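Asks: Here is a sequence with its predicted model. Questions after.
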Amino acid sequence: MRKIYFQGSFGAYSHLAALEIEPSADIIPCKTFDECFLKASSDVGSRIVIPEANRITGNIGIEYLIFKYRLNIYEEHFQKIEHNLLGQPGSSMKDIKDVFSHAQGLSQCSNFITKNNLVEHVRADTAGSAETISKNKIKSESAIASSLSAKIYNLKILASNIENESGNATRFLVMGKKVLQPEFKDKKYITSFLFKLKSKPAALYQSLSGFAINGINLTKLQSYPEQNSFK
């Protein structure tokens, strides 16, 4: 059975993505993104499911880890994000004063939070927030997390689909250490690669000209500074 590592607690959106990608896998949580990459680097047959960007709030900020560990990207997966306000089984909206979640979850539900005058508390992940309030058993506390988190941690869904915009989704990358060459046939593929430029005038222009000449469409371009510098 293949191992799939994800960052967060059981019930996280990364957990949901892993279940959709390979439901029969041994899905294992990690505390940090670094731990996920380390596990995949040492366990050659395993994979990791990592969020890369959200449709509403943009990049998650894991690119530096791709540079650091040089894992191979096997595929992308778009996970629909439906945020829910979770509370104690006996609570209702009028009881809620505090809301806990990942910074992205809070940001994506800012309209709901403002409308209900809730006090935000940033935590490491959405499902971990659900687990925390489940253990605290404080009626005024709530968490923004998935419906799976509600089921796992025995919480009540006080409000569903509270995200600012409908159609919210996160792009996940499935990565691993082993080099795999796809069978192209009639399928279409997206190629991602990293490269470093020399510090000289028009270096970026010159590097991109080859794509233009050969009619290759670039869907995304990002630049990152070298370690310990702003260059």
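Replies: Yep, that arrived.
Asks: Going by C-alpha atoms from here, please, whenever you check contacts or count neighbours.
Replies: Noted.
Asks: What strands line up against the lowest-mean-pLDDT helix or strand in the chain, and which way round?
Replies: Among the secondary structure pieces of the chain, namely its helices and strands, strand 58-59 has the lowest mean (mean pLDDT, DSSP states H and E), a mean of 80. Taking DSSP bridges as the criterion, strand 58-59 pairs within the sheet with strand 47-54 (antiparallel).
Asks: what sits up against the partner strand?
Replies: Applying CA atoms under 8 Å, 6 or more residues apart in numbering, the contact partners of strand 47-54 are 2-7, 14, 17-18, 33, 36-37, 40, 59-63, 168-177.
Asks: can you give me the offset of it from its chain's centre?
Replies: Relative to the mean C-alpha coordinate of its chain, strand 47-54 is positioned 5 Å out (CA atoms, centre = their mean, to the nearest Å).
Asks: List the buried residues of it.
Replies: In terms of neighbour count (16 or more other CA atoms under 10 Å), strand 47-54 has its buried residues at 47-54.
Asks: Tell me which two of those sit farthest apart.
Replies: In the buried residues of strand 47-54, two members sit farther apart than any others by CA to CA. They are 47 and 54, at 20.9 Å.
Asks: Mind giving me the packing neighbours of the helix or strand in which residue 158 is found?
Replies: With elements delineated by DSSP states H and E, residue 158 resides in strand 156-159, which encompasses its position. Of the remaining helices and strands, those touching strand 156-159 by 3 or more CA pairs under 8 Å, 6 or more residues apart in numbering; DSSP states H and E are strand 84-87, helix 147-152.
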